Structures are given as structure tokens and as C-alpha cells.
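Visitor: I would like the atomic coordinates for the input below:
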Amino acid sequence: MTSSKIRPWIINALVAALYIVLSVGPAAFNLASGAIQFRVSEGLNHLAIFNRKYIWGIVAGVILFDAFGPGASLLNVLFGGAQSLIALLIVTWLGPKLKTVWQRMALNVVLFTVSMCMIAWMLMLVGGGTAFWPTYLTTAVSEFIIMTITAPIMYVLDRVLHFSDRIQ
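Guide: Numbering: from 1, shown residues only. Below is the predicted model of the structure:
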């Protein structure tokens with residue numbers, strides 16, 4: 001393989017590793033899984049608006065953390081991985097139709113917030129008496145907050161690091 005074919009694999013492996021590292025901090029305070037999830041790592045979802053090739057690293061990070069982090073279970077892996085993949089595929093499909101980075105980031109925030117219904121459903125399935133709507137409210141609000149806070153950070157980082165160029 002040439003280095004141009006290996007580079008996206010290496011970058012995605014680094015993104016997956018970074019996702020896991022950024023999830024460990026909130027996990028120490030029981031904020032990385034369950035009805036309230038403040039995973040700083042969710043800000044990496046914004047990478048996909050700069051280049052869709054980042055999807056695989058983001059989803060791999062989600063799956064690995066859900067497989068080995070707190071609350072690890074097959075359902076967590078399936079629902080977490082599917083939720084991330086679906087939202088990322090939609091944003092990379094609709095994103096190019098939007099003119100500005102801020103519009104794409106706003107779309108990303110909305111998609112991830114709405115798609116937390118999948119996580120709430122999974123928590124309801126494994127949680128015994130967990131009610132869907134209160135769980136959806138808390139997961140959606142926590143996702144909205146973290147995605148909104150990290151959007152300007154990722155915007156500024158892109159101005160310095162040029163995310164789209166890094167994975168080419």
C-alpha cells in the first residue's frame with residue numbers, strides 16, 4: 001500500500017483513540033453512559049462535516065468505548081454504533097447542500113440530538129423500568145449541550161489544523 005492509502009487508516013485510528021481518551025474523563029464521574037451523557041468525545045462528530053472519511057474513526061471510537069467502557073454491553077455497542085453511523089451518514093449526505101460550516105455544524109447538532117432517541121430506547125430496554133421520554137429528554141439535552149459547546153472549538157481547531165486536508 002502506498003502512504004496515501006495508509007494515511008486515512010492511521011488518521012482514523014488516531015481519531016478512535018482520541019474518542020476513547022476523551023470519554024475516559026467523563027466516565028470517571030459516571031457521565032459517559034446512562035441517561036446523562038456528557039462525553040466530550042462527541043465533539044469529534046463534527047470532524048465528519050469537514051471530511052466524510054472521518055466517519056470510520058469516530059464510529060470505531062464509539063464502538064470500542066461502548067464495548068469496553070462503563071456500561072459495556074452488546075446492545076450498547078449496537079445502538080451506540082448505529083446511532084453515530086446513521087447521524088454521521090445523514091450529515092455527510094445533507095451537509096454539502098448547506099453553504100457554511102456553521103450550518104453544517106448546526107445540522108450535526110440537531111441530528112445527534114434527535115438521534116439520541118436510539119440511545120434512550122436502548123436504555124429503556126436494558127433499564128427495566130426506565131421510562132422512554134424522561135430518558136430521551138436527558139440524553140438529548142446532554143448531547144445538545146456537548147455538541148453545541150464543542151462546535152466552536154472544532155471550528156477554531158479546523159482553522160489551524162485544516163481537518164479536510166489531514167485525511168486526504
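
Visitor: name the nearest residue to residue 102, ignoring sequence neighbours.
Guide: Closest residue in space to residue 102, ignoring its immediate chain neighbours: residue 155 at 7.5 Å, by CB to CB, 6 or more residues apart in numbering. All C-beta spots, glycine's among them, are computed from the backbone N, C-alpha and C.

Visitor: past the helix or strand that neighbour falls within, which element shows up next along the chain?
Guide: Assigning secondary structure by DSSP states H and E places residue 155 in helix 132-161. Counting by DSSP H and E, the element after helix 132-161 in chain order, helix or strand, is helix 163-166.

Visitor: so what touches that next one?
Guide: Applying CB atoms under 8 Å, 6 or more residues apart in numbering, the contact partners of helix 163-166 are 11, 47, 50, 51, 54, 154, 157, 158.

Visitor: of all those, which two lie farthest apart?
Guide: Longest distance between any two of the contacts of helix 163-166 is 15.4 Å, between 11 and 154; criterion CB to CB.

Visitor: so residue 83 touches residue 116, yeah?
Guide: Yes: applying CB atoms under 8 Å, one finds residue 83 in contact with residue 116, separated by 7.2 Å.

Visitor: then the helix or strand residue 88 falls within to PDB, C-alphas only?
Guide: For residue 88, the element it lies in under DSSP H and E is helix 74-94. Presented in PDB, the C-alpha positions along helix 74-94 are these (Å, rounded to 0.1, in the frame of the first residue of the first chain):
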ATOM      1  CA  LEU A  74     -23.600  -5.800  23.100                       C
ATOM      2  CA  LEU A  75     -26.700  -3.600  23.000                       C
ATOM      3  CA  ASN A  76     -24.700  -0.500  23.900                       C
ATOM      4  CA  VAL A  77     -22.200  -1.300  21.100                       C
ATOM      5  CA  LEU A  78     -25.000  -1.900  18.500                       C
ATOM      6  CA  PHE A  79     -27.200   1.100  19.400                       C
ATOM      7  CA  GLY A  80     -24.300   3.500  20.100                       C
ATOM      8  CA  GLY A  81     -22.500   2.500  16.900                       C
ATOM      9  CA  ALA A  82     -25.700   2.600  14.800                       C
ATOM     10  CA  GLN A  83     -26.800   6.000  16.200                       C
ATOM     11  CA  SER A  84     -23.400   7.500  15.400                       C
ATOM     12  CA  LEU A  85     -23.200   5.900  12.000                       C
ATOM     13  CA  ILE A  86     -26.700   6.900  11.000                       C
ATOM     14  CA  ALA A  87     -26.300  10.600  12.100                       C
ATOM     15  CA  LEU A  88     -22.900  10.900  10.500                       C
ATOM     16  CA  LEU A  89     -24.100   9.400   7.200                       C
ATOM     17  CA  ILE A  90     -27.100  11.800   7.100                       C
ATOM     18  CA  VAL A  91     -24.900  14.800   7.900                       C
ATOM     19  CA  THR A  92     -22.400  13.900   5.200                       C
ATOM     20  CA  TRP A  93     -25.200  13.500   2.800                       C
ATOM     21  CA  LEU A  94     -27.100  16.700   3.600                       C
END
